[in-house]
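**Student:** Build the 3D model from these lines:
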Amino acid sequence: MSSRLMRVGLLLVLVAGVVLAVFYRDRFDVGALELWIQDAGIWAPLLFMAVYAIAAVLFLPGTVMTLAGGALFGPVLGTFYNLTGATIGALLAFLVARYLASDWIADKAGGRLKQLINGVESEGWRFVAFTRLVPLFPFNLLNYALGLTRISWSHYLVATYVCMLPGAMAYTYLGYAGREAVGGGEGLIRKALLALALLAVVAFLPRLIGRLRRGSMVDVTQLKQRLDAGEDILVLDVRTPEDFVGEQGHIERAINIPVEELGARLAEISDYQQRPVIIVCRTDRKSSRAARILAQNGFADAHVARNGMTAWNDQGYASAGRHRDQHYDSAGRVGS
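**Tutor:** Okay, the predicted model is just below:
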């Protein structure tokens, strides 16, 4: 019964939002929106957040709304109103996907939906936090697609609100600084520099988060000890098939999937999504790239072997080569 009431309520909200968007479509121009907000008086913040939420549900660009919020309400209140409106819109889209339009959203999300489901299954709210900090998917589509995963709406809501804060602060302040520049306010250089600094922090976040998520480096000595102890580890060699059986050889029991093919061949190693994966290449550059791919696809315990086969051979550890009783096909797979 509650599920049915939820569907009816969401449908009414969605219909009301579409009707309002069509009726007031001219208000989505930034200049017209500013006049409309100013005329609203004490209701202006609520009106703005409602418009922002509707924009998020209807796939309208949120960046324009965020800049407008900074220009209209300043950096502090603007950030709060922007963040609240965007989160309400994100929650509405999430609930619409879960209760009203799951088949349509699944079709639109395509292959990316499996990536999201795998990520949520392995990391829960932490994966939602990651996708908010690192824009792997379009914001509006992500809101709907996450509604098809198993994450609870409360965890989704909190992770969304908290982790959208850095971007909201940066773009809100940029809108505020732009308004001050047009109006000839004081301290324009300082405000412009602060706006650029905030944008630089937001731009750097994906790289920082990617480094944190790809897991710590594992020394080859540690890897050798764990293998000798019989630990169930997948050693994933991401070099080309030629390098895999070349002069450096490869680690016994290693599986070869070139990094260029890794995204399309994840099913071959899906059993290790929750188990240790050590990634190896000649040094560790390709391995780091592979670690990012695995992290984005829900592999929870992937690590990079520091300096790869170069360090392995420098330590004098045994390297397997092309065995006489084995045949390697063009993809580097071992056959009979």
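**Student:** What residue spans form the domains of this protein?
**Tutor:** Listed by automatic domain parsing, the domain ranges of the chain are 2-210, 217-335.
**Student:** Dump those into a markdown table; add mean neighbour count and mean pLDDT as well.
**Tutor:** No exception for glycine: its C-beta is placed from N, CA and C like everyone else's. Shown next, in a markdown table, are the domains of the chain (neighbours: other Cβ atoms under 10 Å; pLDDT from 0 to 100):
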| stretch | mean neighbour count | mean pLDDT |
| --- | --- | --- |
| domain 2-210 | 17 | 77 |
| domain 217-335 | 17 | 85 |
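**Student:** State the helix or strand in which Glu247 lies.
**Tutor:** Take DSSP states H and E as the rule and Glu247 turns out to sit in neither a helix nor a strand.
**Student:** next one: phi and psi at it?
**Tutor:** Dihedral pair for Glu247: phi -70, psi -30, per degrees, to the nearest 10.
**Student:** can you tell me how far it sits from Glu260?
**Tutor:** For Glu247, the distance to Glu260 equals 21 Å [Cβ to Cβ, to the nearest Å].
**Student:** and the nearest residue to Asp232 once chain neighbours are set aside, what does it touch?
**Tutor:** Residue nearest to Asp232 in three dimensions, not counting chain neighbours: Arg275, with 6.3 Å by Cβ to Cβ, 6 or more residues apart in numbering. Neighbouring residues of Arg275 by Cβ atoms under 8 Å, 6 or more residues apart in numbering: 232-234, 301.
**Student:** tell me the SS of Arg275?
**Tutor:** coil (DSSP: H, G, I helix; E, B strand; the rest coil).
**Student:** Alpha carbons of stretch 252-260, as CSV, please.
**Tutor:** Output in CSV follows, covering the C-alpha atoms of stretch 252-260 (Å, rounded to 0.1, in the frame of the first residue of the first chain):
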residue,chain,number,x,y,z
GLU,A,252,53.4,-17.5,-12.2
ARG,A,253,49.6,-17.8,-12.0
ALA,A,254,49.2,-14.3,-13.5
ILE,A,255,46.3,-13.6,-15.9
ASN,A,256,47.0,-11.4,-18.9
ILE,A,257,44.4,-8.8,-19.9
PRO,A,258,45.9,-5.8,-21.7
VAL,A,259,44.8,-2.5,-20.1
GLU,A,260,43.3,-1.4,-23.4
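**Student:** can you pull out the strands in the stretch 1-150 of the chain?
**Tutor:** Counting by DSSP state E, counting those that start in this stretch, the stretch 1-150 of the chain has no strands to list.
**Student:** Hmm, Val51 and Gly89 touching each other?
**Tutor:** No - under the contact definition of Cβ atoms under 8 Å, Gly89 does not touch Val51, with a separation of 9.6 Å.
**Student:** Report the separation between Ile88 and Gly74.
**Tutor:** 20 Å.
**Student:** hmm, back to that, so which of the contacts of Arg275 sit within strands?
**Tutor:** By the criterion of DSSP state E, membership of the contacts of Arg275 in strands covers Leu234.
**Student:** how about the contacts of Arg275 in a markdown table, adding distance to Gly41?
**Tutor:** Shown next, in a markdown table, are these (distance: Cβ to Cβ, whole Å):
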| residue | distance to Gly41 |
| --- | --- |
| Asp232 | 65 |
| Ile233 | 64 |
| Leu234 | 62 |
| Asp301 | 55 |
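**Student:** Tell me which two in the contacts of Arg275 are the farthest apart.
**Tutor:** Asp232 and Asp301 (11.1 Å; Cβ to Cβ).
**Student:** In the stretch 101-250 of the chain, what residue spans correspond to helices?
**Tutor:** Using DSSP state H, counting those that start in this stretch, the helices of the stretch 101-250 of the chain run over residues 102-109, 112-123, 125-133, 139-146, 153-163, 165-183, 188-213, 220-228, 241-244.
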